[in-house]
Structure formats: structure tokens, C-alpha cells
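Participant: Sequence first, then the predicted structure, then my questions.
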Amino acid sequence: MISVITGDIINSRNTEAEKWLRPLKEALDEIGSSPKSWEIYRGDSFQAEITNPENALQHVIAIKASVKQVKGIDVRLSIGIGDKTFDSPNITESNGDAFVRSGEGYELLSSAKQNIIVKSPDAAFDEEINLYLLLLLIAMDNWTPKAAEYVRMNLKGNLKQVDIAKKLGITQSSVSERHKRAYMDEVRAVEDRYRKQLKKLEL
């Protein structure tokens, strides 16, 4: 059982590609190497394979935080969970239920009016997690570049606020304020719930 992320950049033509491409590639590099684990295609679309589905939502949040550091840029992301039946050196040529569900979820994003969606073999799991994501996206879609920068750093090494303050060259109280404005505790809570509920599934 694996998970596949399918996504694309929102408003990609409104700014220079290099501004959002670099942080996107950095986030994807944490998943694995291209083109086996991830690939960017059609300019602003991409796909990535997560070997352990439990880590998929954390990677999705990291990708979103990475690109939202660029003002005016956002991302649509679909997580598909399932089997992999054909393994290719290029991820875009691999296949299986995880790839199909990821593509189906991606097609639902516009009608669902949310920028992150999960599609697994379990409808009850999907309903619960997607409701959490719908509510969490009220905050995440409105991250400022500074809030997104904080989230990205918080996810990277689980650093203490004092360490983040030093890296960003700001006060600890400013870091604490960014933590609140990014709704970091809520982000962590949903990501933790996703992991716990996924472990319960007999996939």
C-alpha cells in the first residue's frame, strides 16, 4: 500500500516560475529523487509517490507551505491511497489504485471547492479526514508568506521556537505570534488524526 500525490500550482503564470519552482522542488526532494519518486510535468503539474501513506499528509502540508512563501501562489493537492501494480523508473508511467484514486481526487478538487483532498479505499475515512481538511484550509489557504515560512521550518526539524527565532532573525514572541496565525497546533492535530485513523484501516 502506497500513497500518490497529484497536484498543480495555482496562479503559476502570475509570477516567475523560478520563484515557486525552487521551493517546490526542495519539498519534493524530501520525498525522494526524480523521476522515480516525483516528477513535474506540463510546467506546473506534478506527481509524487509516498512509500508510507502515513507520511503523505505531512508532505502535502510541507508542499503547500513551501509554495505559499511566494505571494499570490498556492497549490491544489490530491492524496490517493492504494496498491501499486506497475512500477516504472518514471513515476508518471507507474500505475495502480493509488494512482487512479489520486487522479480521481484531483478531478474532484474544483467541485469540492477545497485545495487538498484524500481518496482511499475506505469511504468513512475519506469523509472524516476531508471534513477536517475543509475546515483547516480556512486557515491554510490564508497563510501569509511569513506564516508559510514558519510552518515549513516547524515541519522540517520540529525545532523549538527559540531556535526558529534565531534562524529567522526575529524575536521569540514574533515566532509565537506566527505559530498562532498559522494555526500550527490545529495543523499538527489534523495531521496526527490522519495518521491514527489510517493505522486503524485494514487496507
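Facilitator: Good, I have the coordinates.
Participant: burial measure for Gly43, as a count.
Facilitator: 12 (other C-beta atoms under 10 Å). Every residue, glycine included, has its C-beta placed from N, CA and C.
Participant: sec struct for it, please.
Facilitator: coil (DSSP: H, G, I helix; E, B strand; the rest coil).
Participant: helices or strands next to the helix or strand containing Gln47 in the packing?
Facilitator: Element membership for Gln47 (DSSP states H and E) is strand 45-50. Packing contacts for strand 45-50, counted by 3 or more C-beta pairs under 8 Å, 6 or more residues apart in numbering; DSSP states H and E, involve strand 2-10, helix 17-29, strand 38-41, helix 56-67.
Participant: do you know how far Ile170 is from Ala148?
Facilitator: 15 Å (C-beta to C-beta, to the nearest Å).
Participant: Comparing those two, which shows the higher neighbour count?
Facilitator: The neighbour comparison of Ile170 against Ala148 (other C-beta under 10 Å) goes to Ala148, with 24 against 15.
Participant: residues contacting Lys71?
Facilitator: Going by C-beta atoms under 8 Å, 6 or more residues apart in numbering, Lys71 touches 15, 145.
Participant: looking at this, it is in a strand?
Facilitator: No - judged by three-state DSSP, Lys71 forms no part of a strand; its state is coil.
Participant: separation between it and Asn115?
Facilitator: Look at Lys71 and Asn115: by C-beta to C-beta, they are 17 Å apart.
Participant: do the same with Gly43
Facilitator: 19 Å.
Participant: Could you count how many residues lie near the closest residue to Ile5 other than its chain neighbours?
Facilitator: Among residues not flanking Ile5 along the chain, Ala48 sits closest, at 4.5 Å (C-beta to C-beta, 6 or more residues apart in numbering). Counted by other C-beta under 10 Å, the residues lying close to Ala48 total 27.
Participant: cool, Gly157 as well?
Facilitator: Gly157: 10 neighbours (other C-beta under 10 Å).
Participant: Do you know the pLDDT at it?
Facilitator: pLDDT for Gly157: 72.
Participant: how near is the most centrally placed residue in the chain to Val162?
Facilitator: Nearest to the geometric centre of the chain sits Val60, at 1.1 Å (C-alpha atoms, centre = their mean). Noted for Val60: a distance of 28 Å to Val162, by C-beta to C-beta.
Participant: quick one, helices of this protein?
Facilitator: Taking DSSP state H, the helices of the chain run over residues 17-29, 56-67, 97-112, 123-140, 145-157, 161-168, 172-181, 184-200.
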